[in-house]
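>>> have a look; sequence and predicted model below, questions after that.
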Amino acid sequence: MTRWTDLPTHRAWLQQHAESLLAFGRRTAAPGGGAYWLDAVGRPETARGVQTWITGRTVHVYSLGALLGIPGARDVAQGALDGLVGPDAPLRDVEHGGWYGTVLPDGTHSEGKEAYQHAFVVLAATSAVRAGLDGARELLDEATEVYLERFWDDDAGLAVDTWDTAFTTLDPYRGVNANMHSVEAMLAAADVTGDPAWLRRAARIAEFVVGQAKGHEWRIPEHFGPDWVPDLELNRDRPDDPFKPFGATVGHGLEWARLLLHLEAALDGVGLSSHADLHLAAVGLFDRAVADGWDADGAPGFVYTTDWEGKPVVRQRMHWVVAEGVNTAAALQARAVRAGDEAAADRYAGLYARWWDYADRHVLDHEHGSWFHELDPANQPAGTVWPGKADLYHAFQSTLVPRLPLAPSMATAVAEGLLRP
């Protein structure tokens, strides 16, 4: 069969789409530093203030744009980065360290410091270093120090989740979402710093998650107490929570599968290994997510969440889930080709093409640009969980992952000229 990622015409389409996404988000940088949430047509929603996770993702995406040589991308990346580094950076807590979650237009900030947000600061810093942004190395040094001091629990081999603003009281909740993005950031940090300790930390997180998923038929428990015992009932009464939904999150099964493949390749590259069979786990997670989530209710698309038997709970279609679907299908295809398993490579290539067709028909906004961030169960645009088009992170990465090797990490690979034209 024809594999789309082998076609120069498809890779050219991915590049064109990447450039259109960067054009859509060109107004995201805030005048005083940081990045805004964008509405459905790409206008900044200034009343929301600037948020650390969106700012970190914006620095990452537009640093990649700068590395690709896209005019204007560096200015957006630098404008967002200025919200994170330096004495006047609005999101940086000069008194207590770390970064506020949100700073509103009146200067007030949200309470608490979250590992999820800080993982994106680390990722942003690594990409900014590769792009040569002003203050990037300073940010990387500070972000890795804060992360290791405040969020990394070396005894558990996992990241804790949320502190109060002053880093005096640790919330008892523990979460896998923050650890997932920590793995992503750790892979990038290992490449930029040259320190393999980041890969060892990432492997410890991955081994825990693989063990938990394997014990639940490859559905990942997301929520835990302070002793790392899963709380499978959390938010049953609020199942569509944007960050802590009840049940198994289909898209995270896909995303974890891809990250495990990146981790396997990164470990192989420096002569390290994992105690878990990362490829076997990636296949298990992917197959479970597809079986549970794709076309699960009679309509095309991935449902957001399921219960622990695989029954759909929240049936909205989130843009990031299909983005992770195409990314992971491409990664598994590349892994299968490397192993000489042509039948598996063809299977993943077929799913990759099917999901891009779905995205083109339902998720890409051909009128205003970018992707609809949420669709209802009938695949019509909705905004009950994710109004507007907050950022470009998932959509933009889906234009690069199919053209990059599994290792090194994204910004390093682009900087080293490893992107397939």
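Yep, it's here.
>>> the strands in this protein, which residues?
50-51, 102-103, 113-114, 152-153, 158-159, 162-163, 174-175, 223-224, 248-249, 305-306, 317-318, 374-375 (DSSP state E).
>>> who does the fourth one pair up with?
Using DSSP bridges, the neighbouring strands of strand 152-153 in the sheet come out as strand 158-159 (antiparallel).
>>> could I have the CA atoms of stretch 53-69 written out in CSV?
Output of stretch 53-69 as CSV, limited to C-alpha atoms (Å, rounded to 0.1, in the frame of the first residue of the first chain):
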residue,chain,number,x,y,z
TRP,A,53,1.1,26.3,30.1
ILE,A,54,-0.1,28.2,27.0
THR,A,55,3.0,30.4,27.2
GLY,A,56,5.3,27.4,27.4
ARG,A,57,3.6,25.6,24.5
THR,A,58,3.8,28.8,22.4
VAL,A,59,7.5,29.2,23.0
HIS,A,60,8.0,25.6,22.0
VAL,A,61,5.9,25.8,18.8
TYR,A,62,7.3,29.2,17.6
SER,A,63,10.9,28.1,18.5
LEU,A,64,10.3,25.2,16.1
GLY,A,65,9.0,27.7,13.6
ALA,A,66,12.1,29.8,14.0
LEU,A,67,14.2,26.6,13.5
LEU,A,68,12.3,25.9,10.3
GLY,A,69,13.1,29.4,9.0
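>>> buried ones in that stretch?
Buried residues in stretch 53-69, counted by 16 or more other Cβ atoms under 10 Å: 53-68. (C-beta placed from N, C-alpha, C; glycine too.)
>>> how far does that stretch sit from the chain's center?
Computed by Cα atoms, centre = their mean, to the nearest Å, the separation of stretch 53-69 from the middle of its chain amounts to 13 Å.
>>> Cys208 contacts Leu158, correct?
Just so we're on the same page, residue 208 is Phe rather than Cys. Yes - taking Cβ atoms under 8 Å as the definition, Phe208 is a contact partner of Leu158 at 6.0 Å.
>>> okay, these two: which has more neighbours?
Remark: of Phe208 and Leu158, Leu158 carries more neighbours, 24 against 18, as counted by other Cβ atoms under 10 Å.
>>> what number of residues lie near Val183?
26.
>>> my guess is it meets Ala202, correct?
Yes - using Cβ under 8 Å, Val183 makes contact with Ala202 at a distance of 4.6 Å.
>>> any common contacting residues for those two?
Any residue near both Val183 and Ala202 by Cβ atoms under 8 Å, 6 or more residues apart in numbering counts here, and that gives Leu263.
>>> Phe396: what's it in contact with?
18, 21-22, 61, 64.
>>> and if you look at Arg57?
35, 120, 123-124, 391-393.
>>> and it, how close does it get to His96?
23 Å (Cβ to Cβ, to the nearest Å).
>>> what comes up buried for stretch 7-22?
Buried, per 16+ other Cβ under 10 Å, within stretch 7-22: 10-11, 14-15, 17-19, 21-22.
>>> closest to Glu222 among the residues you listed?
Leu21 (28.0 Å; Cβ to Cβ).
>>> wait, that closest one sits on Leu400?
No - taking contacts as Cβ under 8 Å, Leu21 lies outside contact range of Leu400: 10.7 Å.
>>> that older thread, what's the most distant pair in the contacts of Phe396?
Largest pairwise distance in those, by Cβ to Cβ, is 10.7 Å, between Leu21 and Leu64.
>>> re the thing from before, how about the buried residues of stretch 7-22 in a markdown table, adding distance to Leu133?
What follows is the buried residues of stretch 7-22, written out as a markdown table (distance: Cβ to Cβ, whole Å):
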| residue | distance to Leu133 |
| --- | --- |
| His10 | 31 |
| Arg11 | 27 |
| Leu14 | 24 |
| Gln15 | 22 |
| His17 | 24 |
| Ala18 | 19 |
| Glu19 | 20 |
| Leu21 | 20 |
| Leu22 | 16 |
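>>> now for the strands of the chain, which one comes closest to Gly79?
strand 50-51 (10.6 Å).
>>> what sits up against the closest one?
The contact list for strand 50-51, computed with Cβ under 8 Å, 6+ apart, reads 30, 32-37, 83, 90-91, 101-103, 117.
>>> could you rerun that using 6 Å?
By Cβ atoms under 6 Å, 6 or more residues apart in numbering, the surrounding residues in contact with strand 50-51 are 30, 34, 83, 102-103.
>>> what is the nearest of these to Glu217?
Thr102 (37.0 Å).
>>> which one of the contacts of Arg57 sits closest to His223?
Closest approach to His223 among those (Cβ to Cβ): Phe120, at 20.1 Å.
>>> out of the strands of the chain, nearest to Tyr358?
Closest among those, once you apply Cβ to Cβ, is strand 317-318, at 9.1 Å.
>>> mind listing the helices for the stretch 101-250 of the chain?
Listed in chain order, the helices of the stretch 101-250 of the chain (DSSP state H, counting those that start in this stretch) span 115-131, 136-146, 176-193, 197-214, 250-269.
>>> which of these is buried the deepest?
helix 115-131 (a mean of 28; mean count of other Cβ atoms under 10 Å).
>>> how far off helix 197-214 does that helix point, in degrees?
140 degrees (axes from the mean of the first three to the mean of the last three Cα atoms, to 10 degrees).
>>> hey, C-alpha coordinates of helix 115-131 in CSV?
Taking Å, rounded to 0.1, in the frame of the first residue of the first chain, the C-alpha atoms of helix 115-131 are listed here in CSV:
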residue,chain,number,x,y,z
ALA,A,115,4.0,20.3,37.8
TYR,A,116,2.0,20.3,34.5
GLN,A,117,2.8,23.9,33.9
HIS,A,118,6.4,23.7,35.0
ALA,A,119,7.0,20.7,32.7
PHE,A,120,6.0,23.0,29.8
VAL,A,121,8.4,25.7,31.0
VAL,A,122,11.2,23.1,30.8
LEU,A,123,10.1,22.1,27.3
ALA,A,124,9.9,25.7,26.3
ALA,A,125,13.3,26.4,27.5
THR,A,126,14.9,23.5,25.7
SER,A,127,13.3,24.5,22.4
ALA,A,128,14.2,28.1,22.9
VAL,A,129,17.9,27.2,23.6
ARG,A,130,17.9,25.3,20.3
ALA,A,131,16.4,28.3,18.5
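>>> packing partners for that helix?
Applying 3 or more Cβ pairs under 6 Å, 6 or more residues apart in numbering; DSSP states H and E, we find helix 115-131 packed against helix 52-67, helix 136-146, helix 176-193, helix 410-415.
>>> all good on my end, thank you.
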